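J.: okay, sequence plus prediction incoming.
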Amino acid sequence: MVDAVDLLVIGGGINGAGIARDAAGRGLSVVLCDKGDLAEATSSRSSKLVHGGLRYLEYYQFRLVHEALAEREVLLRSAPHVVWPTRFVLPHSPHDRPAWMLRIGLFLYDHIGGRRTLPGRRTLDLSREPEGAALSPGYVKGFEYPDCCTDDARLTILAALDARERGARILTRTPFESARRDGGLWRATIVDTASGERREIAVRALVNAAGPWVDRVIDRIEGARTKFAVKLVKGSHVVTPKFYDGPQAYLLQNHDRRVIFVVPYQGDFALIGTTDVPFDGAPEAVAADEEEIVYLLAAVAGYFRSAPKREDVIEAWAGVRPLFDDGHGDPSAVTRDYVLELDAAEGAPLLNVFGGKITTFRRLAEHALQKLKPFFPAASGDWTAQATLPGGEIDDGDFERFVARLAGEYPFLSPTLARHYARLYGARAMKLIGAAASLADLGRRFGPDFYEREALYLVAEEWAETADDILVRRTKHGLRMSADERAQFASWIESRASAAA
Ligand SMILES: Cc1cc2nc3c(=O)[nH]c(=O)nc-3n(C[C@H](O)[C@H](O)[C@H](O)COP(=O)(O)OP(=O)(O)OC[C@H]3O[C@@H](n4cnc5c(N)ncnc54)[C@H](O)[C@@H]3O)c2cc1C
């Protein structure tokens, strides 16, 4: 058997990718395996907010809110292309939480996270301010506070890219099958889906970051014990054409005391979510129910003059939150904080990850490596707080100036195409565009702002293999393409794959 690797990370969602990145940067040898594509599960189906979680204050989740608020600033600095500030408008509804309660919540939210670059909260007169124009006339008072939005799947890919560039091996479509302790090591079996080949690797420490499958992975590890359980809670979103003017998002209080986000999405669209539904099915099969779609649209209709109708829904999708089971019956009340459980009583260590948000992935990874530190005394210390993610090397983190620079350097790009490359690839956009001097140099056009060169780049650099890897996760081109365009792109990528086989 070849030399043992230090860490096998099971799961290529945000948490697995973040842990692999952090560990590789400390000098550990790392293999990450995912049974499917990176971010294929929960990490591409979130509300795409990098936020403290205003509503968690109601559940006294101060540790989580503090950590998450602080992470907004860290992520804004390290990935200014993929994380961007957004103002959230919270209309006061006479039937829901009283205004004094919202004021106290927003005061705390403003102060407990070490906010530095984002602006503070303010009170809005919705009858006069433009943010109120699209709302029903009953909403007169409101508040505005800052949070951030992101592209969850791209953030995951960026963490995986950084891990690879620091020496980690990233194996997609490679399920972890089993592991057993042998002396001071693990013998772990992983399977290459394409070839069917089973491989046993010797590993010093196992990290189980399988999200909704965390307990299923534990079941596959001989002698693994856990005191904890994961609680699966489904959340669905719908995407509609944007139905109001302005760059702001809205936080709506629903009559059942839940909150619903309405967030500008991919320029001309709005993302509406989410629901909280206990889930006991197979996480692979999760889908938005008609009832949830109707619920989300009804919540929005209670606030907006021209709310979207059922026929306006372009996409509806669901994800499964892998929450740490703290015994709460109400799915909205279950903690969104994470727990890292170290099982090292019987020799080689196993670290199980329960919970964890997109927002806190960097801190979660740092905590995970701190837990594993006794087993790797030579590993270097914390480093990610000051580091950039791939493409984040943008002067002063000024994204708008960067877009203008890119458009100036490549005048043949339309404004939307320049913005698209800047948003997804940041400073690496130049690598993607390369020596192209005209749109024709970008190759075949598959759809709006989608050219062959980008697809080839994603295959070469970012582990893309299938149409969905590109249309759904690494980009959102699928949203703007017709069914025919999507089918043509799928046959293009399939024919490339079979030619390469
Ligand atoms: C509806 C919804 C809205 C949310 N909104 C937000 C938000 O706005 N902001 C925020 O910060 N967080 C949000 N979250 C939370 C956040 O999305 C998740 O907590 C996070 O994505 C979990 O990441 P993960 O890496 O733990 O799990 P996942 O992303 O699910 O990754 C686990 C991975 O493990 C892999 N895997 C499983 N079994 C195996 C195996 N045997 N071998 C190899 N690989 C395996 C899977 O293929 C999967 O890719 C939301 C979640 C949901 C569901």
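T.: Here it is on my side, so go on.
J.: you'd agree I260 is in a strand?
T.: Yes: assigned with DSSP: H, G, I helix; E, B strand; the rest coil, I260 falls within a strand.
J.: stretch 453-470 close to the ligand?
T.: No: Stretch 453-470 stays out of contact with the ligand when judged by CB under 6 Å from any ligand atom, the minimum separation being 12.4 Å. The C-beta positions use only the backbone N, C-alpha and C, and glycine is treated the same way.
J.: actually stretch 235-244, sorry about that
T.: Yes: applying CB under 6 Å from any ligand atom, one finds stretch 235-244 in contact with the ligand at G235.
J.: which residues are contacting that stretch?
T.: Stretch 235-244 is contacted by residues 45, 47, 133-134, 264-265, 268-277, 288-289, 292-293, 296-297, 304, 306-308, 312-321, 479 when judged by CB atoms under 8 Å, 6 or more residues apart in numbering.
J.: for V300, which residues are in contact?
T.: V300 touches 252, 260, 262, 272, 307-308, counting by CB under 8 Å, 6+ apart.
J.: which helix or strand contains it?
T.: helix 290-301 (DSSP states H and E).
J.: just the helices in this protein please.
T.: In the chain, the segments counted as helices under DSSP state H are 14-25, 62-78, 99-111, 152-165, 214-219, 290-301, 361-372, 399-409, 415-425, 429-433, 452-461, 467-468, 483-500.
J.: would JSON lines of those with mean pLDDT be doable?
T.: Formatted as JSON lines, the helices of the chain follow (pLDDT from 0 to 100):
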{"stretch": "helix 14-25", "mean pLDDT": "98"}
{"stretch": "helix 62-78", "mean pLDDT": "90"}
{"stretch": "helix 99-111", "mean pLDDT": "82"}
{"stretch": "helix 152-165", "mean pLDDT": "98"}
{"stretch": "helix 214-219", "mean pLDDT": "96"}
{"stretch": "helix 290-301", "mean pLDDT": "98"}
{"stretch": "helix 361-372", "mean pLDDT": "97"}
{"stretch": "helix 399-409", "mean pLDDT": "98"}
{"stretch": "helix 415-425", "mean pLDDT": "98"}
{"stretch": "helix 429-433", "mean pLDDT": "97"}
{"stretch": "helix 452-461", "mean pLDDT": "98"}
{"stretch": "helix 467-468", "mean pLDDT": "98"}
{"stretch": "helix 483-500", "mean pLDDT": "93"}
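J.: I19 against A368, yeah?
T.: Yes: counting by CB atoms under 8 Å, A368 is a contact partner of I19 at 5.0 Å.
J.: neighbour count: those two, which is higher?
T.: The residue with more neighbours, out of I19 and A368, is I19; 32 against 26, by other CB atoms under 10 Å.
J.: spatially nearest residue to the more buried one, not counting backbone neighbours?
T.: In this structure, I19 finds its nearest non-sequential neighbour in A365, 4.6 Å apart by CB to CB, 6 or more residues apart in numbering.
J.: who are the neighbours in contact with the one you found?
T.: By CB under 8 Å, 6+ apart, the neighbours of A365 are 15, 18-19, 21-23, 384.
J.: quick one: buried ones out of the residues you listed?
T.: The neighbour count (16 or more other CB atoms under 10 Å) marks 15, 18-19, 21-23, 384 as buried among the contacts of A365.
J.: hmm, which helix or strand of this protein has the shakiest average pLDDT?
T.: Lowest on mean pLDDT, DSSP states H and E among the helices and strands of the chain sits helix 99-111, with a mean of 82.
J.: give me the buried positions along it.
T.: Applying 16+ other CB under 10 Å to helix 99-111 flags 102, 105-106, 108-110 as buried.
J.: if I look at the residue of the chain positioned farthest from its centre, how far off is the ligand?
T.: Using CA atoms, centre = their mean, the residue of the chain lying farthest from its centre is G183. It sits 37.3 Å away. Taking CB to the nearest ligand atom, to the nearest Å as the measure, G183 falls 24 Å from the ligand.
J.: turn the contacts of V300 into TSV, including distance to the ligand, neighbour count and pLDDT.
T.: Shown next, in TSV, are those (distance: CB to the nearest ligand atom, whole Å; neighbours: other CB atoms under 10 Å; pLDDT from 0 to 100):
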residue	distance to the ligand	neighbour count	pLDDT
L252	15	22	96
I260	12	21	96
V262	13	28	98
I272	11	28	98
A307	21	20	97
P308	19	22	98
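J.: could you report the neighbour count for the closest residue to P390 other than its chain neighbours?
T.: The shortest distance from P390 to any non-neighbouring residue, by CB to CB, 6+ apart, is to L161 (4.6 Å). When counting by other CB under 10 Å, one arrives at 23 neighbours for L161.
J.: need the contact list for L161.
T.: By CB under 8 Å, 6+ apart, the contact list for L161 reads 389-390, 461-462.
J.: the contacts of A365 also near the ligand: which ones?
T.: Contacts with the ligand within the contacts of A365, counted by CB under 6 Å from any ligand atom: N15.
J.: out of the contacts of A365, who's nearest the ligand?
T.: Minimum distance to the ligand across these is 3.6 Å, recorded for N15 (CB to the nearest ligand atom).
J.: can you tell me how far the closest one is from E73?
T.: Distance of N15 to E73, computed by CB to CB, to the nearest Å: 20 Å.
J.: list the residues that contact L389.
T.: Listed by CB under 8 Å, 6+ apart, the contact set of L389 reads 78-79, 82, 155, 158-159, 161-162.
J.: how many residues are close by the spatially closest residue to P283 that is not a sequence neighbour?
T.: Nearest non-adjacent residue to P283, counting by CB to CB, 6+ apart: P212, 3.8 Å away. P212: 24 surrounding residues under other CB under 10 Å.
J.: ok so, going back, can I get the CA coordinates of the helix holding V300 in CSV?
T.: The C-alpha atoms that make up helix 290-301 are tabulated as CSV, following Å, rounded to 0.1, in the frame of the first residue of the first chain:
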residue,chain,number,x,y,z
GLU,A,290,-46.9,22.2,-4.8
GLU,A,291,-48.1,23.1,-1.3
GLU,A,292,-44.7,24.8,-0.5
ILE,A,293,-44.8,26.7,-3.8
VAL,A,294,-48.3,27.9,-3.0
TYR,A,295,-47.3,28.8,0.5
LEU,A,296,-44.3,30.9,-0.7
LEU,A,297,-46.3,32.8,-3.3
ALA,A,298,-49.1,33.5,-0.8
ALA,A,299,-46.6,35.0,1.7
VAL,A,300,-45.3,37.3,-1.0
ALA,A,301,-48.8,38.2,-2.2
